[in-house]
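# here is a sequence with its predicted model. Questions after.
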Amino acid sequence: MVTSIGVTSYALAAAAYLIFTILLVTGWRRRLEGGLLVLATSFTVLWAVAHASWAGWRLPPAGLVQMLETLHLLVWFVFLFGILRHAQGDQPSSSGGMRALTAFIYSVSVLLLILPFSAGRLLAADQAIEIGFLGYVLLTVSGLFLVENLYRNTRPEQRWGIKFLCLGIGGIFAYEFYMYAQALLFRQLDISLWSARGAVYALVAPLMGISVARNPQWSLSVFISRKFVFHTVTLLVAGGYLLLMAAAGYYIKAFGGEWGRVFQVVFLFGAAVVLLALLFSGQMRAQLRVFLGKHFFHQHYDYREQWLNFTNALSKCSGDTLPQECVVRCLAEVVESPGGILWLQYDNDRFLPAAHWGMPEPEGAKESTSGSLARFLEERQWVINLHEYRTDPERYADLDLPNWLEGLAQAWLIVPLMNQQQLIGFIVLAQPRAQQAFDWELRDLLKTAACQAAGHLVQLQTLEALSESRLFEGFHRLSTVVLHDIKNLIAQQTLVVSSAARHKHKPEFIDDAVEIMEHSVAKMRRLMDLLHSGLPEGRPDQVNLVVMIEEAVRHCSGDQPVPQYQGDLQQLTLLADRDRLTSVIENIIKNAQDATQKDGYVNIHLSQEGNTAIITVEDNGCGMDRAFIRERLFRPFDTTKGDTGMGVGAYDSREYIRALGGDIGVTSVPGKGTVFRISLPVVSTVEHSERKSGHMASVG
């Protein structure tokens, strides 16, 4: 049983130091201290493998195992001498004593190396064993003295980086001293202590790794993930807690008498609930992170991880229902704060609360852009620590805090939001879940995160302004379309009024006037629906394109030149809003008439190519050059008709034709005329009926 424990124990040590050695070798940049540490850990791997093999199979021979025992201690001494020389620098006071200690350690090591070859020859076996135990006791005492000397000769500001190394190696020497001192006293090695030694070595390996990570001057780059340390420590603490509770539960059951089992169940359930409450406690997790950052790492924060997490959190704020509140939460979580209030500039003369998270918003509070707080934040760009302000107000000599801060008992920091050296707002953060030092690291982290948050807030404000601008643009476009149609209706009504005096006695004129009035009424109703619903088009329906074109030509016949329709088709069916499509065709015909002399011509032709209807409007007017067609013809609000034009007719016509699945092509030559070619998809009556019935079936 003991043998198997020894194999497992030393195998753990071999695995731990093998991983440690691989990390050191991959991060070594050819510095002496790093090379000595690689040598020490490599010999420790060899030493652990030899002891595991000897515990299980009595291989290699005992003399070789004893030599490795001495050599592995010796290489750790060499590493300590190198680190101590670097720590002492050029101090001559301790050079003589250190040379004496070095000579003593090397002499004892040489004696222990030749001792296995002297047993049975120069010395009796019992004498050799006792001398060996004594030699190891002397070496371990020397090791403890060397570790103490290393810690004492390290400058106080650098002991933070060396203390875990001293703790780990000192722990090894202390364990070795206890084991060999007991062996020397009882003239026999305790096999249990010897078997557990491998696990002890494995336990101190992470401590050495922390010191390596804290001392880059050794030219060893070993990265220890903060998440790994956090979760490992949490797991170890939870495991220790459960073991302690299990022992307490066993004690309650054993000595609780008749109620022992009941008390044990209740106690273990309560212990589990307390453990879960602690694991899910934000305050406890924050305190653990602060503790680990303060005692295990050179810097309090992993800036790469902080930056990535903050950037990812900010990127999700754009899709949040309350994006400004999301920004407050993201910045507060950087420093473990449970809440904050965002103040943004309004009307160029004051800051008002724009969002709050986990912290009550002060009622009626506002801050002037010319006030003391705003001037201080913009000029100094400092993160204001309110506790520091109260204890050391001279540091903030130019600052007078506003009265509304007195109502915020939780207030901790005021973080300025700077964008291009301008103060766009500030965030008041609440006291953190875990007390932490307000040092340069926290200041720089907050200023960097606040700068990115300010840029994100400016982007949000820009998007809101753009959205508002688009709403106004849509409203302006809608009103322009309505005005354009009203202008056409006025032109039709004017034509009827101007012709009434001459033709009112003719029945044909009366019929045409009635038809024009009916058309005007229908258009006015469509415009009313358009203003009510805000939709650019009505519900599509089945229409006969031939009848529609004839109607459009008839409505435009009052102007010169009179349009001429050419086509032998009787019916061509498609899906569209009848009034909207009629307006499009009329607009193109009227534009052709406006561009053509009265003695010219405007011809409309309708044909079919497969499932596509082709409407051609041709005139011999003034024409257009290619640059005008490309850059101005379909540009909204660009007109050549002066104050009488709105500049949306061609644009609106093309957009609606494209919405129906068609397109408008233009061919023109200046001075010779223009051809508009409109293509529209055709849907026969049978196909339309099938689609309609299929749609109803899918709905049902």
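Sure thing, it's come through. These numbers were taken from a predicted model, which means no experiment stands behind them.
# what does whatever helix or strand Gly665 lives in rub up against?
Element membership of Gly665, judged by DSSP states H and E, is strand 663-669. For strand 663-669, the surrounding residues in contact (CB atoms under 8 Å, 6 or more residues apart in numbering) are 623-625, 629, 633, 653-654, 657-658, 674-679. Backbone N, C-alpha and C define where each C-beta goes, glycine included.
# ChimeraX command for the buried members of those residues?
Here is the ChimeraX command that picks out the buried ones among the contacts of strand 663-669, judged by 16 or more other CB atoms under 10 Å:
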select :623,624,633,653,654,657,674,675,676,678,679
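# ok, of the contacts of strand 663-669, which one's closest to Gln608?
Nearest to Gln608 among the contacts of strand 663-669 is Ser679, at 10.6 Å by CB to CB.
# how about that closest one, phi and psi?
phi -110, psi 130 (degrees, to the nearest 10).
# same check on Val543?
The phi/psi pair for Val543 (degrees, to the nearest 10) is phi -130, psi 150.
# excluding its backbone neighbours, what's nearest it?
Arg578 (4.9 Å; CB to CB, 6 or more residues apart in numbering).
# same thing with Leu423?
Nearest to Leu423 is Glu378, by CB to CB, 6+ apart, at 4.0 Å.
# the one you found is in what secondary structure piece?
With secondary structure defined by DSSP H and E, Glu378 is part of helix 372-380.
# adjacent strands (with direction) for the very next helix or strand once past that helix?
Downstream of helix 372-380, the first helix or strand assigned by DSSP H and E is strand 384-385. Sheet pairing here is set by DSSP bridges, and for strand 384-385 it gives strand 411-419 (antiparallel).
# neighbours of Ile114, how many?
11 (other CB atoms under 10 Å).
# wasn't Arg677 part of a helix?
No - per DSSP: H, G, I helix; E, B strand; the rest coil, Arg677 lies outside any helix segment and is strand.
# shouldn't it be in contact with Thr616?
Yes - assessed by CB atoms under 8 Å, Arg677 is found in contact with Thr616 at 5.5 Å.
# got the angle for the lengthiest helix in the chain vs strand 411-419?
For the chain, the helix with the greatest residue count under DSSP state H is helix 440-503. Calculated by axes from the mean of the first three to the mean of the last three CA atoms, to 10 degrees, helix 440-503 forms an angle of 50 degrees with strand 411-419.
# could you check how far helix 440-503 is from the centre of its chain?
Relative to its chain's centre, helix 440-503 lies at 32 Å (CA atoms, centre = their mean, to the nearest Å).
# swap in stretch 658-673?
Offset of stretch 658-673 from its chain centre (CA atoms, centre = their mean): 49 Å.
# now do the buried residues in it.
Buried, per 16+ other CB under 10 Å, within stretch 658-673: 660, 662, 664, 666, 668, 673.
# check contacts around the closest residue to the last one other than its chain neighbours.
Nearest-residue entry for Gly673: Asn620, 4.0 Å, with adjacent residues in sequence omitted and distances by CB to CB, 6+ apart. The contact partners of Asn620, by CB under 8 Å, 6+ apart, come to 596, 600-601, 672-673.
# give me phi/psi at Asn620?
Dihedral angles (degrees, to the nearest 10) for Asn620: phi -120, psi 40.
# do Asp320 as well
phi -80, psi 150.
# and the gap between it and Val328?
Asp320 sits 11 Å away from Val328, going by CB to CB, to the nearest Å.
# so the residue nearest to Leu423 touches Pro416, yeah?
Yes - between Glu378 and Pro416 there is a contact at 7.2 Å, judged by CB under 8 Å.
# what sits in contact with each of those two?
Contacts common to Glu378 and Pro416, judged by CB under 8 Å, 6+ apart, are Leu423.
# more neighbours: the two, which one.
Pro416 (24 against 16).
# give the contact list for that one.
With contact taken as CB under 8 Å, 6+ apart, Pro416 is in contact with 377-378, 381-383, 423, 426, 450.
# re the thing from before, show the subsequent helix or strand relative to the longest helix of the chain.
Per DSSP H and E, helix 440-503 leads on to helix 507-533 as the next helix or strand towards the C-terminus.
# and that next one, how far out from the chain's middle?
58 Å.
# that helix to helix 440-503, inter-axis angle?
Using the same axes, to 10 degrees: helix 507-533 against helix 440-503 is 170 degrees.
# against which helices or strands is helix 507-533 packed?
Using 3 or more CB pairs under 8 Å, 6 or more residues apart in numbering; DSSP states H and E as the contact criterion, the elements in contact with helix 507-533 are helix 440-503, helix 545-555, helix 578-594.
# tabulate the ones you listed (JSON lines), appending distance to Ala254, mean neighbour count and mean pLDDT.
Output for the helices and strands packed on helix 507-533, formatted as JSON lines (distance: least, CB to CB, whole Å; neighbours: other CB atoms under 10 Å; pLDDT from 0 to 100):
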{"stretch": "helix 440-503", "distance to Ala254": "50", "mean neighbour count": "15", "mean pLDDT": "76"}
{"stretch": "helix 545-555", "distance to Ala254": "98", "mean neighbour count": "20", "mean pLDDT": "88"}
{"stretch": "helix 578-594", "distance to Ala254": "91", "mean neighbour count": "22", "mean pLDDT": "86"}
